[in-house]
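Novice: Got a sequence here, can you build the structure:
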Amino acid sequence: MFNVWIKHMPQGQLERLTPLAFSKDSGIRLEDAKLFFSHLAKGELATLFIGMRCSECNEHFTTNAVEGSVDCPACGASIQEIETKNINNVYYQVEKTDFIATSQPINEVSLIHDLVLRKKEHSHEGEQDKMIDIAIIAALDEELAPILSAMDNRKEDEYGTYRFTLGTYSHNGETINIVAGKAHRMGMLATAMLTNEVCRRYKPRYLAMTGIAAATDKAKYCYGDILVPEIIWDYGVGKISETSDGYYILHGEPYQIPLQNNMKSKIDQFKRNYAFFAEIKHKLEVSGLVPNSELKLHIGPMASGSAVISNKNYVADIVGQQRKLIGFDMELYGMFYAAEHNTDHNPICFAMKSVVDYGDTEKSDSYHKYACNTSAASILHFACTYLDQ
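Specialist: Below is the predicted model:
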């Protein structure tokens, strides 16, 4: 076992380490490492002790080494690197910290009160965890449900106020590792907060959002069609002024975020996989209401806002910001912006949301299940078939 333990000793034992180095070596979040070092500076805490178990003789022992090799006191086996294949488990994620100081000598290494640590498994090669190929997030339960039902080897993981599901998805001999989670509510802010937590905890290579959206043109984009943002922005940013006849007008100032790297070429290739989209529609025909139209994927400009829209004039105002706008939603910009500016990790982002309405008064839940399934199926197939793992 590898536990973060604190023993009260004279100050100065960890002066050679910085909070950043300590954070990277131990796996503790940087903010908690800084807190620990602030206590060190006050002389309240000192040496970090590590509890270990030898993989050769199974002997438990403690050491204050945080880097370099360590010899087992029982059998003499050399553990070359801490946090490698010789350590089976790591307790590293500090959720709550309540350091207490004492001037009394302590003979036994003791856990500090309320130091809550989260367990993470090590792979045979000594990796901190299985690499997360893709994180898939959603705003609603019905949007995430098809993703969860398609995952194998599912395992729940509670992190703060969030509940995530870890698992795998396999197709044509390829298997990807997935983490899936839902925001606390709809909207860009809640999605941005979820994105930050996903990036901090799991550091996925890709980050995708599944779910439903509104399209701008009934003639071009049918119910269930998949919309992919080539660029995304917040359509509500800008200056609102009053016109001479007493109406308002928004002078937009959009900050547009594009797809990263070569993602567009991969999606263009996927878009032409007509057999896949026909197969998905055929499978869904037996499970519920399906429109008569051919299922297609569209890639183009999309925008996000803070409200559900059921007014065609308001839609026309959004289209006025970008005449080729294909659709809009309430979350995507929050995900893209948070992922781009996260200080822990910056995954490659994309989204595939399916059409359920057109921002007018003719709203209905009739195709919600169908759209949630076309969105989820597209993301899973695309991730497993077209992305570099």
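Novice: check contacts around Tyr358.
Specialist: Neighbour list for Tyr358: Ala214, Ala215, Thr216, Asp217, Lys218, Lys312, Val315 [criterion: Cβ atoms under 8 Å, 6 or more residues apart in numbering]. To be clear about C-beta, it is placed using only N, CA and C from the backbone, and glycine gets the same treatment.
Novice: do the same with Ile232
Specialist: Counted by Cβ under 8 Å, 6+ apart, Ile232 has contacts Gln256, Ile257, Pro301, Met302, Ala303, Ser304, Leu332, Tyr333, Phe336, Ala351.
Novice: Parallel or antiparallel, which strands does the strand or helix carrying it pair with?
Specialist: Per DSSP states H and E: Ile232 is located in strand 226-234. Strand pairing for strand 226-234, using DSSP bridges, gives strand 257-258 (antiparallel), strand 297-304 (parallel), strand 348-357 (antiparallel).
Novice: Just the residues contacting the second one, thanks.
Specialist: Strand 297-304 is touched from outside by 188, 213, 220-221, 225-235, 254, 256, 264, 267-268, 270-271, 277, 318, 321-322, 324-334, 352, 378, with contacts defined as Cβ under 8 Å, 6+ apart.
Novice: go again using 6 Å as the cut-off
Specialist: 188, 226-235, 267, 271, 318, 322, 324-329, 332-333 (Cβ atoms under 6 Å, 6 or more residues apart in numbering).
Novice: just the last one next, same as before
Specialist: Surrounding strand 348-357, the residues in contact under the criterion Cβ under 6 Å, 6+ apart are 206-209, 211-215, 221, 223-229, 260-261, 263, 329, 332, 336, 339, 363, 367-368, 371, 374-375, 378-379.
Novice: How about stretch 248-255?
Specialist: With Cβ under 6 Å, 6+ apart, stretch 248-255 has contacts from Trp233, Val237, Gly238, Lys239, Ile240, Ser241, Glu242, Thr243, Gln321.
Novice: Can you point out the buried residues in it?
Specialist: Leu250, Gly252, Pro254 (16 or more other Cβ atoms under 10 Å).
Novice: cool, and stretch 260-268?
Specialist: Gln260, Met263, Lys266, Ile267.
Novice: Pick the one among those residues closest to His171.
Specialist: Taking Cβ to Cβ as the measure, His171 lies nearest Lys266 of the buried residues of stretch 260-268, at 15.8 Å.
Novice: Which of the contacts of Tyr358 sits closest to Thr175?
Specialist: Closest approach between the contacts of Tyr358 and Thr175, by Cβ to Cβ: Ala215, at 33.3 Å.
Novice: Which strands or helices does the longest helix anywhere in the chain pack on?
Specialist: Of all segments of type helix in the chain, defined using DSSP state H, the longest is helix 368-385. Packing partners of helix 368-385 (3 or more Cβ pairs under 6 Å, 6 or more residues apart in numbering; DSSP states H and E): helix 141-150, strand 174-182, strand 206-215, helix 274-285, strand 348-357.
Novice: what comes into contact with that helix?
Specialist: 134, 142-143, 146-147, 150, 169, 171, 174, 176, 208, 210-212, 224, 226, 270, 280, 284, 288, 290, 352-354, 356.
Novice: Dump the C-alpha coordinates for that helix into CSV.
Specialist: C-alpha atoms of helix 368-385 as CSV (Å, rounded to 0.1, in the frame of the first residue of the first chain):
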residue,chain,number,x,y,z
HIS,A,368,-36.1,12.9,-27.9
LYS,A,369,-35.3,9.3,-27.4
TYR,A,370,-34.4,8.7,-31.0
ALA,A,371,-32.2,11.8,-31.1
CYS,A,372,-30.4,10.8,-27.9
ASN,A,373,-29.6,7.4,-29.4
THR,A,374,-28.4,8.8,-32.7
SER,A,375,-26.1,11.2,-30.9
ALA,A,376,-24.7,8.5,-28.5
ALA,A,377,-24.3,5.9,-31.2
SER,A,378,-22.4,8.4,-33.5
ILE,A,379,-20.0,9.4,-30.7
LEU,A,380,-19.2,5.9,-29.7
HIS,A,381,-18.6,4.7,-33.3
PHE,A,382,-16.6,7.7,-34.2
ALA,A,383,-14.4,7.4,-31.1
CYS,A,384,-13.8,3.7,-31.6
THR,A,385,-13.2,3.8,-35.3
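Novice: Can you redo the strands paired with strand 226-234 as JSON lines, where the extra columns are mean neighbour count, distance to Lys155 and mean pLDDT?
Specialist: Conversion of the strands paired with strand 226-234 to JSON lines gives the following (neighbours: other Cβ atoms under 10 Å; distance: least, Cβ to Cβ, whole Å; pLDDT from 0 to 100):
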{"stretch": "strand 257-258", "mean neighbour count": "16", "distance to Lys155": "32", "mean pLDDT": "95"}
{"stretch": "strand 297-304", "mean neighbour count": "22", "distance to Lys155": "31", "mean pLDDT": "97"}
{"stretch": "strand 348-357", "mean neighbour count": "26", "distance to Lys155": "24", "mean pLDDT": "97"}
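Novice: That concludes my questions; thank you for your assistance.
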